[in-house]
Structures are given as C-alpha cells and as structure tokens.
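[1] let me see the structure of the following:
(one chain, ligands or ions: 2)
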Amino acid sequence: MENRMKALVKARPEPGLWMEHVPVPEPGPADVLIKVRKSAICGTDVHIWKWDEFSARTVPVPMVVGHEFVGEIVDCGPAALKYRIGQRVSGEGHLVCGACRNCRAGRGHLCRNTKGVGVNRPGSFAEYLCIPEDNVVPIPDDITDEIAAILDPLGNAVHTALSFDLVGEDVLVTGAGPIGIMGALVAGRVGARKVVITDINPYRLDLAQRMGVQHVIDVGREQLRDVMADIGMTEGFDVGLEMSGAAPAMQQMIARMNNGGKVALLGIAPTEFPVDWNSVIFKMLHIKGIYGREMYETWYKMIALLQSGMDVSGLITHRIVVDDFEAGFAAMLSGNSGKVVMDW
Ligand code: NAD
Ligand code: ZN
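    Ligands and ions are numbered 1, 2, ... in the order given. Next up is the predicted model:
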C-alpha cells in the first residue's frame, strides 16, 4: 500500500488551505527525503492562502505549499551521497536549472529557470519533503530547530543587507516585517553607523524596538526628514533596504537617499506604481533587485552570523502545533505577528 502523510494543501483555486492526506513523495536518484520537524509561515504562503492575483497566476492546484523548514533526512536516492540518514537539515527552496548561463557560471541565484518549493513543486507544510541533495543545508548543533526553520527568510535579509558595504554607512530599512527587522539587525552587526527602520503598523514598530533596532520610526506619525536631523544625519541615507513592498515606502526611500546611494529592493509590490526616476538619475543611485538568497554563500554567512551571536529568536512570536494552522495564518493575516513556527 502507498504511504500517505498529512500535508497542508492548496486543494482548490480559492482562499484557504486544507489539511489532507497525500502520498509521501518518492525521492529521485539525486534527491533526499526529509521528515519535517518544524515549518514556518512566509508572506508568500499568506498570498497563496488568500489566492491573490500572483498566486492564481503562479501556483498550480492541488499543491502542497510551504518552503521554510527544518527536519531530518530519512531516505536518500541512490545518487545522493553527500548526506546521511538522520542528519538535521534545512534547505534552499529555489531549485535552479544548472544549464543556463548564470548557473553554469556558478551564479545559481541568477538562474532564469528557478522553481520554488511549495510554489511550483510540493513544499514543506507536510510530514515529508523531497528536495535535490544539492539544495540541502546541514544545520550545526548550536542552531535550534526553531531558528533553523526560519533560515529561508533570514537568508533574504542577509543577502539583501550584505549586497552593499555597510561599514560606517547610514542605512534605511523600510518595512519592519520579520525580514526588515532581520535586515536592520544585520546592518547593525556588520558596522553601520545609523540604522533606521520604518513601518506604519504599531505591532511591528514595537517588535523592532524590542529586537533592539537602533532607530524605529512610525512614518504614519513622524516625518523621516525630521528624524534624520534629530539623530545627527546631515545628508541622506547611504544604503536603503526596501523590505515592505509598499509604494509610499519606496518613494520615501528614493527621496531620502544621499547622492550615489545604494538601494536593494526585496519587498514585492502588489501592483505597478510610479517612481520618480529623475531623482534616481540626478542622485545617481544604484538599484539592485533581490530574489531569494545566494547559493550557497548566503547560507554560510547567515549561519556564521548566528554563531557569532546574532539573536533573531525574539522574532518568533507564535509557536503552534500544525493542527492549529488556521490560527497561525490568522495571526499572519492580522499583521500582528512576527514569525509563526508550526510543529509537525
Ligand atoms: P511583511 O509583509 O511581514 O512586512 C512588510 C511590512 O511593511 C509590514 O510590517 C507593513 O506594515 C510595512 N509597511 C507597509 N507600508 C509601509 C510604509 N509606507 N513604510 C514602511 N513600512 C510599511 O513582509 P516580510 O515577510 O517581512 O517580507 C518583506 C517583503 O519582502 C514583502 O514584501 C515580501 O513579499 C518580500 N519578500 C521578497 C522576497 C524576495 O526574494 N524578493 C522573499 C521574501 C519576501
Ligand atoms: Zn539556471
């Protein structure tokens, strides 16, 4: 008889997710099968829950969703020889083709044929997950399961923040979601002078404050320009990390950058919006789009940052058993949460 497992499935093209019993995935020759211990909810999963335009266009149904996880290897395909059964692992959720120009040049994060775990192929909101062994990241013993379950978004933050030299620079982070807060913490640790984070949601602003971000600004109530003067900034921001996906945040960032400033864009906007391109030109800004993590340098760096004392555990605000997933998604949908980690 076929083995079956519990999984959170986008079963129908409408809002919601459903706990179902589905076949346990069969590892191919170079794949590993991982028994999932914990998985965390990402904003992308919330988009898929809501079944917005992006999800409806991208995700075929039925689909087991989720891509943030930690687990244990329970089976290896005959050609998967790098890891052993019982090893504690997480993994990169972007599968790259290995054949395009960038992949061949060792720049897998720039692959033009990326496939997403839990988006284009079965994901980690399940008792078992199958991924290629190349995507596996072993977890050192000094990193807990719950932190290992949020390495994927930490990787987004680390990749974005480390895109530019931050030593002695003044850094603006727009959006104090989990990734924005992590980005601000990285900026502080690697030697930025001023780190300013903005948001409009009181819960998120409070979370950023509690996590120890240097300057936390409610842009619904305060003028960023006034705050800059108060904290001793006389020019503009040297580096901007856009982590909200909100048009006003991006517009404000461009307005408050110094000439020659560097901007990394991670936040995903729901629709197109106007940008003052002449400011970009006359300020001579550098703009870099960010998708995912660098394979696998970001994984190395973020684990090293954690091992050198960066503490992001305070960002986990909800720890639930997976059968309570509806409460977990409700917390994410409300905006009054940090990371939600589900125990399988
Ligand atoms: P999130 O939605 O939890 O956080 C976004 C925050 O931006 C929210 O707290 C919101 O209140 C805030 N915000 C809204 N309007 C604002 C404004 N005008 N000024 C400042 N802040 C404002 O998202 P997250 O999980 O922290 O992820 C951050 C962003 O990165 C999201 O847009 C997400 O979709 C995107 N993302 C991109 C990638 C990628 O590879 N490019 C990967 C993961 C997430
Ligand atoms: Zn490729």
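[2] can you list contacts of stretch 312-327?
    6, 8, 17, 19, 39-40, 125, 144, 146-147, 150, 154, 178, 181-182, 185, 207, 210-211, 306, 328, 331, 337-344 (CB atoms under 8 Å, 6 or more residues apart in numbering). For glycine as for every other residue, the C-beta is placed from the backbone atoms N, C-alpha and C.
[3] and if we set it to 6 Å?
    Defining contact as CB atoms under 6 Å, 6 or more residues apart in numbering, one finds that stretch 312-327 is touched by 8, 146, 178, 182, 211, 328, 331, 337-344.
[4] try stretch 155-169
    179, 182-183, 186-187, 190-193, 238-239, 241, 262, 264, 266, 288, 290, 293-294, 298, 301-302.
[5] which members of the contacts of stretch 312-327 are the farthest-apart pair?
    Using CB to CB, the contacts of stretch 312-327 span at most 28.3 Å, a distance reached by Leu8 and Met211.
[6] for the helix or strand bottoming out on mean pLDDT in the chain, list every residue counted as buried.
    Within the chain, no helix or strand scores below helix 53-58, which has a mean of 91 by mean pLDDT, DSSP states H and E. Applying a neighbour-count criterion of 16 or more other CB atoms under 10 Å, one finds Ser55 buried in helix 53-58.
[7] swap in stretch 198-209?
    Thr198, Asp199, Ile200, Asn201, Arg204, Leu205, Leu207, Ala208.
[8] out of those residues, which sit inside strands?
    Per DSSP state E, strands hold the following members of the buried residues of stretch 198-209: Thr198, Asp199.
[9] could I get the buried residues of stretch 198-209 as CSV with pLDDT and distance to Glu92?
    CSV is the format used below for the buried residues of stretch 198-209 (pLDDT from 0 to 100; distance: CB to CB, whole Å):
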residue, pLDDT, distance to Glu92
Thr198, 98, 30
Asp199, 98, 28
Ile200, 98, 32
Asn201, 98, 30
Arg204, 98, 27
Leu205, 98, 31
Leu207, 98, 27
Ala208, 98, 27
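[10] distance of the nearest residue to Asp142 once chain neighbours are set aside relative to Ile143?
    Nearest residue to Asp142, sequence neighbours excluded (CB to CB, 6 or more residues apart in numbering): Gln307, at 6.2 Å. In this view, Gln307 and Ile143 are 8 Å apart by CB to CB, to the nearest Å.
[11] what's the answer for Ile131, then?
    For Ile131 relative to Ile143 (CB to CB), the value is 19 Å.
[12] so the two - more neighbours on which side?
    A direct count of neighbours by other CB atoms under 10 Å for Ile131 and Ile143 places Ile131 higher, at 25 against 17.
[13] what's the helix or strand for the spatially most central residue of the chain?
    Nearest residue to the geometric centre of the chain (CA atoms, centre = their mean): Pro153, 2.4 Å. Element membership of Pro153 [criterion: DSSP states H and E] is helix 151-161.
[14] strand partners of the helix or strand that that helix is followed by, parallel vs antiparallel please.
    Downstream of helix 151-161, the first helix or strand assigned by DSSP H and E is strand 170-174. Using DSSP bridges, the strands paired with strand 170-174 in its sheet are strand 194-199 (parallel), strand 237-242 (parallel).
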